[in-house]
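Visitor: okay, sequence plus prediction incoming.
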Amino acid sequence: MSTSVLWFRRDLRLTDNPALLAATRSPTLPLFVIDPALWGPAGPVRRAYLARSLRRLDESLGGALHVRTGDPALVVPQVAAQVAASQVHCAADFAPYGARRDNEVRARLAASGAALVETGSPYAVPPGQVTKADGSPYRVFSAFYRAWVDRGCPGPAPGPGPDVSWVRLTAGGAVPAEPALCDLALPEVGEVAARDRWARFVADGLARYHLSRNRPDLAGTSSMSAALRWGEIHPRTLLADVADLETAQRQRLEVFRKELAWREFYADVLHHIPDSARRGLRTDLAAIDVDTGPAADDLLHAWQQGLTGYPFVDAGMRQLRSEGWMHNRVRMVVASFLVKDLHLHWTQGARWFLRWLRDGDLASNQHGWQWVAGVGTDAAPYYRIFNPVRQGVTFDPDGDYVRRYVPQLRQVPGPAVHQPWALPGGMPPGYPRRVVDHEQARRDALERYSAARRTGPVTVGSPNG
DNA sequence: TTTTGAGTTGTTCGA
DNA sequence: GTCGAACAACTCAAA
């Protein structure tokens, strides 16, 4: 019987894994390839997360995981030849880089008589399959969501049988060491931890999710984003569990299901328009006046380090650095701040997010930023500008979130922490002054956006006109 | 083809 | 303090 290779990418789990079922009909070598093109730009948090998750995967495979470093287009055919595999199995990847890479791997495998077999994908419904009646893709979420729900999705795939035979390669292939992480608080990673966390959320959090998901001071979210990003759990599994509960709670559970659908919607948009990873979808605002130069660099740096002088923004940016994660409500606020208060280009913020977020996903990240910047699908109107103080007071009403991440403000009680410049005792020592005045920055942004709209659409690469 | 209704996440102002 | 209107028209989806 011929051997197979099971090439893990962003699906680091054994259960509910159709590609694994397809591969393990014959003796299978489990493989992960560390691609320098992706490993290089990743920050320490992403690297640590991946290294830990690979270790968990290796444990569940009884130590059989073979890890190689290099260009997958070269390494995968090499490993396949080494074990005389006629098939390399994986889940389909729909992001621009992954799709290109897989085409190359497929071509090189074919040259040596082997096949790349794609089974399943990281999504409940693979990108490209939810379309309008005429077959074209959706451009607004609500319509996509209705069609996505109508289409339904298959139930979870069964786990691997007890008779799976894993092929072992003794030479090389060790799981990479984790980068040194000084003060980083990473929660448990891996498939088992993901399922445990999900079970806790279903038991304790799901019923209140629609009420508490916007509160960064509470543990109101599912915290499943990183596990979904790395495929430690599949959205099918989550949807099936939610469907089992649905009866009396239909309305409330809808809110959670929509969040999963957003992930699928953005993957679908990126699949149809790969260039949207780099450029906003709306060309009429491409001419927006963005600040550059040393002063702009200083503002970017202050934003990155959580030194803007706006506590809610700074808390978010510090949470990102210390945990590799930020609450979604705060992501919107800090993104709006970068784009509309600091007048920087959304891609600068998007790049920083992808470097640090352990759940960083190209499609969700780039399109989330485009929504805030007003240049994406269902773009926010340009005059919708988040007020960093008001958002803090509304969604962190006691100031607990700010105090948790900004030690310089820990002595300030209650919601007053959102406006330290107005404290009767003056600014707490060690906390920076505001880098911009929000009122003024807001008016400036409104002017820049209306000016861009007057200029009209701009075709990149040709003179404005 | 035309028409109609709808569209994640906000803020400010004035009554 | 609370409420509705204005922000500014535009694109998309579906009938």
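Guide: That came through fine. Computed from a prediction, not measured in an experiment: that's the story for all the values here.
Visitor: what's the closest non-adjacent residue to A:Ala452?
Guide: In this structure, A:Ala452 finds its nearest non-sequential neighbour in A:Ile288, 4.3 Å apart by C-beta to C-beta, 6 or more residues apart in numbering. In short, each C-beta sits where N, CA and C put it, glycine included.
Visitor: in a helix, that's where the one you found is, yeah?
Guide: No: A:Ile288: not assigned to a helix; according to DSSP: H, G, I helix; E, B strand; the rest coil it is coil.
Visitor: tell me if I'm right that it and A:Tyr449 touch.
Guide: Yes: checked against C-beta atoms under 8 Å, the pair A:Ile288 and A:Tyr449 is within contact range at 6.6 Å.
Visitor: what about A:Ala177, which SS state?
Guide: At A:Ala177, secondary structure determined by three-state DSSP is coil.
Visitor: what sits against it?
Guide: A:Ala177 sits next to A:Ala51 when contact means C-beta atoms under 8 Å, 6 or more residues apart in numbering.
Visitor: got the contact list for the residue nearest to A:Ala452?
Guide: Residues near A:Ile288 by C-beta under 8 Å, 6+ apart: A:Arg448, A:Tyr449, A:Ala452.
Visitor: where in the stretch 51-200 of chain A is pLDDT low?
Guide: Applying pLDDT under 70 to the stretch 51-200 of chain A picks out residues A:172, A:179-184.
Visitor: so for the longest helix along chain A, what's the average pLDDT?
Guide: The longest helix of chain A (DSSP state H) is helix A:250-272. Taken as a whole, helix A:250-272 carries a mean pLDDT of 92.
Visitor: could you dump the contacts of A:Ile288 to TSV with pLDDT?
Guide: Output for the contacts of A:Ile288, formatted as TSV (pLDDT from 0 to 100):
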residue	pLDDT
A:Arg448	91
A:Tyr449	89
A:Ala452	86
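Visitor: with the residues you listed in mind, which one is nearest to A:Asn365?
Guide: The closest of those to A:Asn365 turns out to be A:Tyr449 (C-beta to C-beta; 22.3 Å).
Visitor: now that closest one, nearest residue through space, not along the chain?
Guide: Per C-beta to C-beta, 6+ apart, closest to A:Tyr449 is A:Tyr382, 3.8 Å.
Visitor: that neighbour in helix, strand or coil?
Guide: Recorded secondary structure, A:Tyr382: coil (three-state DSSP).
Visitor: burial count for it?
Guide: 19 (other C-beta atoms under 10 Å).
Visitor: quick check: residues of chain A near DNA strand B?
Guide: A:140-142, A:214, A:258-259, A:262, A:328-329, A:332, A:368, A:371, A:378, A:380, A:383-387, A:390-391, A:394, A:439, A:442 (C-beta under 7 Å from any atom of the strand).
Visitor: what's the helix or strand for whichever residue of the stretch 101-250 of chain A sits closest to DNA strand B?
Guide: Here the stretch 101-250 of chain A gets closest to DNA strand B at one residue, A:Ser142, 3.1 Å apart by C-beta to the nearest atom of the strand. With the criterion set as DSSP states H and E, the secondary-structure element containing A:Ser142 is helix A:141-151.
Visitor: now for that helix, which elements pack on it?
Guide: Counting contacts by 3 or more C-beta pairs under 8 Å, 6 or more residues apart in numbering; DSSP states H and E, helix A:141-151 is packed against helix A:250-272.
Visitor: relative orientation of the helix it packs on and helix A:141-151 in degrees?
Guide: Counting by axes from the mean of the first three to the mean of the last three C-alpha atoms, to 10 degrees, helix A:250-272 lies at 100 degrees to helix A:141-151.
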